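Peer 1: Structure, please.
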Amino acid sequence: MTGDVVVALDVGGTGMKCGLVRRDGTVHHTERHPTLAGRGPEAVTADILDIAAGLADRARADGLHPVAAGVAVPGVVDEETGTAVWSSNIGFRDVPLRDLVAARVGLPSVLGHDVRAGGMAEARVGAGRDQRHVLFIAIGTGIAAAHVVDGRAFAGAHGAAGEVGHIIVRPGGPPCNCGARGCLESIASASAVGRRYVQLSGDEGVTAYDVAHRAAAGEELANTVWTEAVEAFADGLLTAQALYDAGVVVLGGGLAEAGEALLAPLRIALAARITFHRVPTIVRAALGDTAGCLGAALLALDSLESDT
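Peer 2: Predicted coordinates for the structure are as follows:
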């Protein structure tokens, strides 16, 4: 029906991107809310339910018909049971979020992983839309990936597929939040790049984006830090390509905002490492920070099709 919409929420550690999306993928309405994760997972869950209900009410007020709800969250997600199993950013521990949303809004609901949802959106309607085999990698506070084949993202046996940020690229290297040392995430994430520069320079408040710009401007220290990150990322991507054999690698998240300052040296570094594997096309994500919300909507739409 032309008036059908789905309620979609992408819940991040700092903010929520939310909207109403039509069956053809066009967006009717968007809004943003702070997550305020420091209040605890119960408060965040209550906000998710309130926002979802508010979006459904908004749809009806606009003369539309809400037919389903999709929510994407970070961490480990059991998509089969609709459970937010674990999230370090928000503090979720075995929260039956799908059923809670369904009960609150009175609509069929689905729960997905934020990066897998974003990867699915990029594969279907974004930078990977012309490829069957897409590897979407989000580089922000951490690094995570989604392996998408024919528009479907694979979660793995335990809902934890795609954790390429925890490929160890520098054994014995910097400590990672996961408890290991030398993970890709501990060297090449946006937070790691900024942290490394601050450690070496003593210049507080510098972000990875700042480092990229300073490196492009010829600053020696920034170039050193940036090159370390790119080389580490190329090592991690080499392993990922051996596992996934992607046709295109789509880079999203905050660090991808550096554009060709990241993509150009990364392409060169990966090509220098590749032996018998095919070199994938490496591109910047097209949907920006709306990918997760669009992906949550696609999950909800998929669930409706599977039920018919």
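Peer 1: my guess is residue 246 meets residue 279, correct?
Peer 2: No - counting by CB atoms under 8 Å, no contact exists between residue 246 and residue 279, whose distance comes to 10.3 Å. Just so you know, the C-beta spots here come from the backbone N, C-alpha and C atoms, and that holds for glycine as well.
Peer 1: More neighbours: which of these two?
Peer 2: Taking residue 246 and residue 279 together and counting by other CB atoms under 10 Å, residue 246 has the greater number of neighbours (26 against 12).
Peer 1: and the more buried one, what are its phi and psi?
Peer 2: Summarising the backbone geometry of residue 246 under the convention degrees, to the nearest 10, its torsions are phi -70, psi 150.
Peer 1: now do the one 3 residues further on
Peer 2: Per-residue torsions, residue 249: phi -110, psi 120 (degrees, to the nearest 10).
Peer 1: And the contacts of the helix or strand encompassing residue 147?
Peer 2: Take DSSP states H and E as the rule and residue 147 turns out to sit in strand 143-149. Judged by CB atoms under 8 Å, 6 or more residues apart in numbering, the contacts made with strand 143-149 from elsewhere in the structure are 113, 115-116, 118-120, 122-123, 128, 132-138, 153-154, 161-165, 184-185, 188-189, 236, 240, 244, 246, 253.
Peer 1: Go again with 7 Å.
Peer 2: Counting by CB atoms under 7 Å, 6 or more residues apart in numbering, strand 143-149 makes contact with 115-116, 118-120, 123, 132-138, 153-154, 161-165, 184-185, 188-189, 240, 244, all of which sit outside it.
Peer 1: Pairing partners for it, with directions?
Peer 2: Using DSSP bridges, the strands paired with strand 143-149 are strand 133-139 (antiparallel), strand 152-153 (antiparallel).
Peer 1: Generate CSV for these, with mean neighbour count and distance to residue 201 as supplementary columns.
Peer 2: Written out in CSV, the entries for the strands paired with strand 143-149 read as follows (neighbours: other CB atoms under 10 Å; distance: least, CB to CB, whole Å):
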stretch, mean neighbour count, distance to residue 201
strand 133-139, 28, 22
strand 152-153, 20, 39
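Peer 1: Quick one: those as JSON lines, columns for distance to residue 289 too.
Peer 2: Below are those laid out as JSON lines (distance: least, CB to CB, whole Å):
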{"stretch": "strand 133-139", "distance to residue 289": "10"}
{"stretch": "strand 152-153", "distance to residue 289": "18"}
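Peer 1: nearest to residue 93, of the ones you listed?
Peer 2: Using CB to CB as the criterion, the shortest distance between residue 93 and the strands paired with strand 143-149 is 22.7 Å, found for strand 133-139.
Peer 1: How far off centre is that closest one?
Peer 2: Using CA atoms, centre = their mean, to the nearest Å, we find the averaged C-alpha position of strand 133-139 to lie 9 Å away from the chain's own average C-alpha position.
Peer 1: got it, and stretch 206-223?
Peer 2: Taking CA atoms, centre = their mean, the mean C-alpha location of stretch 206-223 is offset from the chain mean by 24 Å.
Peer 1: which parts of it are buried?
Peer 2: Counting neighbours by 16 or more other CB atoms under 10 Å, one finds that the buried residues in stretch 206-223 are 206-209, 211-212, 214-215, 219, 222.
Peer 1: Could you do stretch 145-152 as well?
Peer 2: Under the neighbour-count criterion of 16+ other CB under 10 Å, stretch 145-152 has 145-149, 151 buried.
Peer 1: distance of residue 213 from residue 256?
Peer 2: Here the distance between residue 213 and residue 256 works out to 14 Å (CB to CB, to the nearest Å).
Peer 1: List the beta-bridge partners for the closest residue to residue 289 other than its chain neighbours.
Peer 2: Once its chain neighbours are removed from consideration, residue 289 has its nearest residue in residue 17; the separation is 6.3 Å (CB to CB, 6 or more residues apart in numbering). Beta-bridge partners of residue 17, counted by DSSP bridges, are residue 10, residue 32.
Peer 1: so where do the strands sit in the protein?
Peer 2: Chain-ordered strands for the chain, with DSSP state E as the definition, fall at 4-11, 15-22, 27-34, 65-73, 76-78, 83-86, 93-95, 109-113, 133-139, 143-149, 152-153, 248-252, 281-284.
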